[in-house]
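*Asks:* Sequence first, then the predicted structure, then my questions.
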Amino acid sequence: MRRTAGDLNRVEGSVVAELTELISEGRGRLLGLVRQEVLSGIRTQAQVEKLRAALRAFPDVVIDASDYEAAVEASNKCQSRGVTVSVVDALIRAVALTRNWAIFTTDIDFEHHARVLPIKLHTCRK
């Protein structure tokens, strides 16, 4: 969202096309914590407002105590095996697992977590 389509390489373009398709299918979800992370660090208020407006299309996923507890268990299991997991990543994984959702990400950390934890990762279909 910070670059134009012409500035993307083939792989990045494929990722954007897949995300667009998932959204059009109504399959995109967004955790409030991810919304905060995406909006953080943007240089201009105009860019923040543009992105904020786009992200408003996604209702926040309701997260309850069991999601946070599952995230802690996953984080502890990873750490006991020498795999570092951020608080945000642990929560994303816990929410996705309990709802039987696949995670669509370009973050390589989830592949490391998958060596220790059950994770369903979505891959581009094209």
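*Replies:* Everything's here; your move.
*Asks:* buried residues in the strand or helix carrying residue 13?
*Replies:* Assigned by DSSP states H and E, residue 13 belongs to helix 10-24. Applying a neighbour-count criterion of 16 or more other C-beta atoms under 10 Å, the buried positions in helix 10-24 are 15, 18, 22. Backbone N, C-alpha and C define where each C-beta goes, glycine included.
*Asks:* want to throw those residues into CSV with pLDDT and distance to residue 118?
*Replies:* Shown next, in CSV, are those (pLDDT from 0 to 100; distance: C-beta to C-beta, whole Å):
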residue, pLDDT, distance to residue 118
15, 83, 24
18, 85, 22
22, 86, 21
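*Asks:* what about residue 62, which SS state?
*Replies:* On the three-state scheme (DSSP: H, G, I helix; E, B strand; the rest coil), residue 62 is labelled coil.
*Asks:* what's around it, how many residues?
*Replies:* Look at residue 62: counted by other C-beta atoms under 10 Å, it has 9 neighbours.
*Asks:* Could you check how far it is from residue 32?
*Replies:* Separation of residue 62 from residue 32 (C-beta to C-beta, to the nearest Å): 9 Å.
*Asks:* who's in contact with the spatially most central residue of the chain?
*Replies:* The chain has residue 105 as the residue nearest its centroid, 5.6 Å off, counting by C-alpha atoms, centre = their mean. Shown in contact with residue 105 (C-beta atoms under 8 Å, 6 or more residues apart in numbering): residue 121.
*Asks:* so it, which of the three states?
*Replies:* coil.
*Asks:* Could you do the one 10 residues further on as well?
*Replies:* Following three-state DSSP, the label given to residue 115 is coil.
*Asks:* Distance from the chain centre to the helix or strand bottoming out on mean pLDDT in the chain, please.
*Replies:* Using mean pLDDT, DSSP states H and E, the weakest-scoring helix or strand in the chain turns out to be helix 10-24, at a mean of 83. Put simply, helix 10-24 sits 14 Å off its chain's centre (C-alpha atoms, centre = their mean, to the nearest Å).
*Asks:* Let me see the contact set for residue 52.
*Replies:* Contacts for residue 52 (C-beta under 8 Å, 6+ apart) come out as residue 39.
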